[in-house]
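Participant: need the 3D shape of this:
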Amino acid sequence: MAKSIRMDQLTLGVCYYPEHWPESLWEDDFRRMREMNISVVRMAEFAWAIFEPEEGRFDFSVFHRVLDLAHRYGLKVILGTPTAAPPVWLTHKYPEVLNADVKGDLYRHGLRRHTNYTSPKYRELCQTIVRRMVEAYKDHPAVIGWQIDNEFNCHMDVFYAETDHMAFREWLKERYGTLDKLNEAWGAVFWSQTYTAWEQVHLTRHMVNRSPNPHLALDEKRFISAVTISFARLQTDIIRELAPHHWITTNGMFGHLDNHELTDELLDFFSYDSYPQFGSISSGEEEAPLLDRAWSMKLAQVRSISPNFCVMEQQSGPGGWVDGMAMGTPRPGQIRLWSYQSVLHGTDLLVYFRWRTATVGTEIYWHGINDYHNRPNRRVREVAQIGGEFARLGEELIGTAYQAEIAVMQDYDNSWDGELDAWCGPLQRQSVRAWYKRLQYRHIPADMITLRQNTALEELARYKVIVYPHPAIMTDETAALLTRYAEQGGIIIFGARTGFKNIHGHCYMRPFPGPVAGLCGITVEDFTLVKGTVAPAELRWKGSRLAECAKAEGFNEVLQVEASGTEVLAEYATEYYAGKPALTRRRVEKGQAWYYGAAFSEAVVDAIMDELELVSPADRFLEAPEEVELGIRAAGDRRFLFVLNYSAEPAPIRLKAALKDLLSGAVLEKEPVLPTYGVWILELPEAKG
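Facilitator: I've put the predicted structure just below:
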């Protein structure tokens, strides 16, 4: 059962760093927060040097004064444990706590996240500061919960310090038991890589090319996730022991960490840091890019961990420092738009980063609500408007959750394995984006779900369609689960390179697509990577769903029908395999299994959605242009349709019935115009039947 945040009402918060400001500013800051209907403050996640200015000497008085003042103004506080940024004295005295690159060279002090999770000394010092901190603040009436660390694996998600190599060996011993089993799992017979003693085993090391043993590399990522969770457990165990009345979360979603396992085992709910403008500066040459709207896909991934969650950092201004991260100021209305983007996708506690822009340090351009001068600006006014709206919404949205009948499915093993696999990884990235983009532009809500070892049929059965684009690693157990999903009425859609690897990343000695060949009713008789002089083949559709020509991108698998009842929906029209099947559908009892021998393009996705006759659940109520995102939060008979305009132009909407907007209180009808970056939350009539 997924863990969600439990709030009494939609709540607004802000990140605040009292250690950055004269104490004379604190009271005025808290007073203005309350005037803006901000009721939660997150602080202290980078204050280790304040709490422990030198080893063994602790001083918690500064934040006691902050907490007392916050309590006086009715503010609730989330405290962050400060283990993401240790003080200089620590790394200077104990350099063994530092992380290292693949060559073994240590990263030095000066940023953050430059330590490793396996250093016994660092673990000891972290336990000490967390214990002392929780003892100091556990009974303060302002404190409601804890954020452990900050953005696990941000900046760096690989670890090569000497203690990491040692811990990796211990993890492997527990996983495999013997060197013989390790050698088998890693295919060590290849290139004389057979290990004869445990001390010979290391994480990836500097080598003559960029291609380490792929099976070792996959286990390396599993190991990094395991030790990250182990490091987190050191902290959660202390908080559970000393402050069982407080909730625990952590924030961010970064590489080589199974956030589902982390949340299931240690947290009360998951939190995310939402910076939609990253989507606007990284869209490249893509046609009609999603831009900031692409962050809805990120939020949907978070929703698979906690259906209702906290956004611990919501973008409230321009940001960036280093090249590639700098971004301009949000236009008037965009902060509000992004805030309700988060709310639509499951956020019940929204915390802005940050109250006031730092005047010193690396983040002087990661702007907050207030500018350096601390005078009113349009961002302050916009957040105050949102605060007023949150107050008026009150308890309306609490208890509701995002609704979707379509899901795009991924899993950690394939994501991690695909990082090195040029025959799979790029296909996955293209297909997921193509599917999510076309679902967005056709106003069809979608979930991003993660298949796990303990995923039950009931979790999948809630979806009418599941797209599982390129699961190269596929077990017979997973195939059996997906077969049951199809048999009970679900539609499962696969893409090229499905099912040819086992759990270790070994290639099966069985016809592609391996464990799901029977489910799909096909095998792969030939294939080619589409790259260089190899061009993507054109497609010929058997029906009339696709008016324009489309190409089979990324990879071309030549399919062969093996089971009766398997339909060929599209053939290759060019290349030496012209006339051969490219897209098939097999009816499986009440459901269907689709197989496409390429990476999904937007044109192909559109054709499949047309064939499946997928429509937006909002079609009953309104018509809107592509630039508008539509989604529904609901519980029982209560349903609310979010209408978000990501365009710099007003959006004409055609309503099919009069509907009330919760934000303004106005009843809208006929053909209202949604303003530039505008937001409506429309109360829908009770569902019938």
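Participant: can we go C-alpha only for contacts and neighbour counts from here?
Facilitator: Noted.
Participant: how does this structure divide into domains?
Facilitator: The record's domain split for the chain, according to automatic domain parsing, is 11-93+111-154+226-398, 406-612, 618-683.
Participant: turn those domains into TSV, including mean pLDDT and mean neighbour count.
Facilitator: Below are the domains of the chain laid out as TSV (pLDDT from 0 to 100; neighbours: other C-alpha atoms under 10 Å):
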stretch	mean pLDDT	mean neighbour count
domain 11-93+111-154+226-398	96	19
domain 406-612	96	20
domain 618-683	98	18
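Participant: any chance of the ones you listed in TSV, plus distance to K103?
Facilitator: Output for the domains of the chain, formatted as TSV (distance: least, C-alpha to C-alpha, whole Å):
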stretch	distance to K103
domain 11-93+111-154+226-398	15
domain 406-612	19
domain 618-683	45
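Participant: out of those domains, which comes closest to M207?
Facilitator: domain 406-612 (15.0 Å; C-alpha to C-alpha).
Participant: ok so, going back, and the domains of the chain: which comes nearest K3?
Facilitator: Evaluated with C-alpha to C-alpha, these place domain 11-93+111-154+226-398 nearest to K3, the distance being 5.2 Å.
Participant: what's the span of that closest one from first residue to last?
Facilitator: Criterion C-alpha to C-alpha, to the nearest Å; first-to-last residue distance in domain 11-93+111-154+226-398 is 10 Å.
Participant: distance from that domain to the middle of the chain?
Facilitator: 16 Å (C-alpha atoms, centre = their mean, to the nearest Å).
Participant: same question for stretch 155-167.
Facilitator: With C-alpha atoms, centre = their mean, you get 23 Å for stretch 155-167.
Participant: that stretch: end-to-end distance?
Facilitator: Using C-alpha to C-alpha, the end-to-end distance of stretch 155-167 comes out at 21 Å.
Participant: list the buried residues in that stretch.
Facilitator: Buried residues in stretch 155-167, counted by 16 or more other C-alpha atoms under 10 Å: 156-167.
Participant: Serialize those to CSV and add fields for pLDDT and secondary structure.
Facilitator: As requested, the buried residues of stretch 155-167 are exported to CSV (pLDDT from 0 to 100; DSSP: H, G, I helix; E, B strand; the rest coil):
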residue, pLDDT, secondary structure
M156, 93, coil
D157, 96, coil
V158, 96, coil
F159, 96, coil
Y160, 97, coil
A161, 97, coil
E162, 97, helix
T163, 98, helix
D164, 98, helix
H165, 98, helix
M166, 98, helix
A167, 98, helix
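Participant: quick check, nearest of those residues to M325?
Facilitator: Using C-alpha to C-alpha, the buried residues of stretch 155-167 come closest to M325 at M156, 16.0 Å.
Participant: not counting sequence-adjacent ones, nearest residue to that closest one?
Facilitator: R113 (7.0 Å; C-alpha to C-alpha, 6 or more residues apart in numbering).
Participant: phi first, then psi, for V134.
Facilitator: phi -70, psi -40 (degrees, to the nearest 10).
Participant: that one reaches I239, doesn't it?
Facilitator: Yes: shown here, V134 and I239 form a contact pair, counting by C-alpha atoms under 8 Å, at 6.6 Å.
Participant: hang on, the earlier thing: quick one: the residue nearest to M156 from P141, how far?
Facilitator: 31 Å.
Participant: what's the answer for M253, then?
Facilitator: Relative to P141, M253 is positioned 30 Å away (C-alpha to C-alpha).
Participant: how about E629?
Facilitator: Taken as C-alpha to C-alpha, the span from E629 to P141 is 40 Å.
Participant: how about G505?
Facilitator: 51 Å.
Participant: kindly report the same for T574.
Facilitator: 71 Å.
Participant: the residue nearest to N37 when sequence neighbours are not counted: which element?
Facilitator: In space, and not counting its chain neighbours, N37 is closest to G387: 4.8 Å by C-alpha to C-alpha, 6+ apart. Counting by DSSP states H and E, the element that carries G387 is helix 378-393.
Participant: what is the next helix or strand after that helix packed up against?
Facilitator: Next helix or strand after helix 378-393 toward the C-terminus (DSSP H and E): strand 401-402. Taking 3 or more C-alpha pairs under 8 Å, 6 or more residues apart in numbering; DSSP states H and E as contact, the helices and strands that strand 401-402 lies on are strand 628-635.
Participant: what lies in contact with the helix or strand following the strand it packs on?
Facilitator: Once strand 628-635 ends, the next helix or strand along the chain (criterion: DSSP H and E) is strand 638-645. The contact list for strand 638-645 (C-alpha atoms under 8 Å, 6 or more residues apart in numbering) reads 337, 340-341, 344, 400, 618, 627-634, 651, 674-686.
Participant: what do you get if the cut-off is 7 Å, keeping everything else the same?
Facilitator: Strand 638-645 has contacts (C-alpha atoms under 7 Å, 6 or more residues apart in numbering) with 337, 344, 627-634, 651, 674, 676-684, 686.
Participant: tell me how far that strand lies from the chain's centre.
Facilitator: Relative to its chain's centre, strand 638-645 lies at 22 Å (C-alpha atoms, centre = their mean).
Participant: just the CA coordinates of that strand, formatted as PDB?
Facilitator: Backbone C-alpha positions of strand 638-645 (Å, rounded to 0.1, in the frame of the first residue of the first chain) are rendered in PDB as follows:
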ATOM      1  CA  ARG A 638     -16.300  14.600  -5.400                       C
ATOM      2  CA  ARG A 639     -14.500  15.500  -8.700                       C
ATOM      3  CA  PHE A 640     -12.500  18.500  -9.600                       C
ATOM      4  CA  LEU A 641     -11.300  19.200 -13.100                       C
ATOM      5  CA  PHE A 642      -8.000  21.200 -13.300                       C
ATOM      6  CA  VAL A 643      -7.600  23.400 -16.400                       C
ATOM      7  CA  LEU A 644      -4.000  24.800 -16.700                       C
ATOM      8  CA  ASN A 645      -2.900  27.100 -19.500                       C
END
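Participant: okay, the angle between that strand and strand 628-635?
Facilitator: With axes from the mean of the first three to the mean of the last three C-alpha atoms, to 10 degrees applied, the angle from strand 638-645 to strand 628-635 works out at 160 degrees.
Participant: before we move on, back to that, now for the residue nearest to M156: which residues touch it?
Facilitator: Applying C-alpha under 7 Å, 6+ apart, the residues near R113 are 84-85, 155.
Participant: got CSV for the residues you listed, with secondary structure and distance to V322 too?
Facilitator: Below are the contacts of R113 laid out as CSV (DSSP: H, G, I helix; E, B strand; the rest coil; distance: C-alpha to C-alpha, whole Å):
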residue, secondary structure, distance to V322
A84, coil, 20
A85, coil, 19
H155, coil, 12
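Participant: I'd like these laid out as TSV, including distance to E567.
Facilitator: Formatted as TSV, the contacts of R113 follow (distance: C-alpha to C-alpha, whole Å):
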residue	distance to E567
A84	54
A85	58
H155	47
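Participant: which one of those residues is nearest A582?
Facilitator: After measuring the contacts of R113 against A582 - C-alpha to C-alpha - the closest member comes out as H155, at 40.7 Å.
Participant: do you know how far the nearest residue to that closest one once chain neighbours are set aside is from T91?
Facilitator: Of all residues not flanking H155 in the chain, R113 sits nearest, at 6.9 Å (C-alpha to C-alpha, 6+ apart). With distances taken as C-alpha to C-alpha, R113 is found 12 Å from T91.
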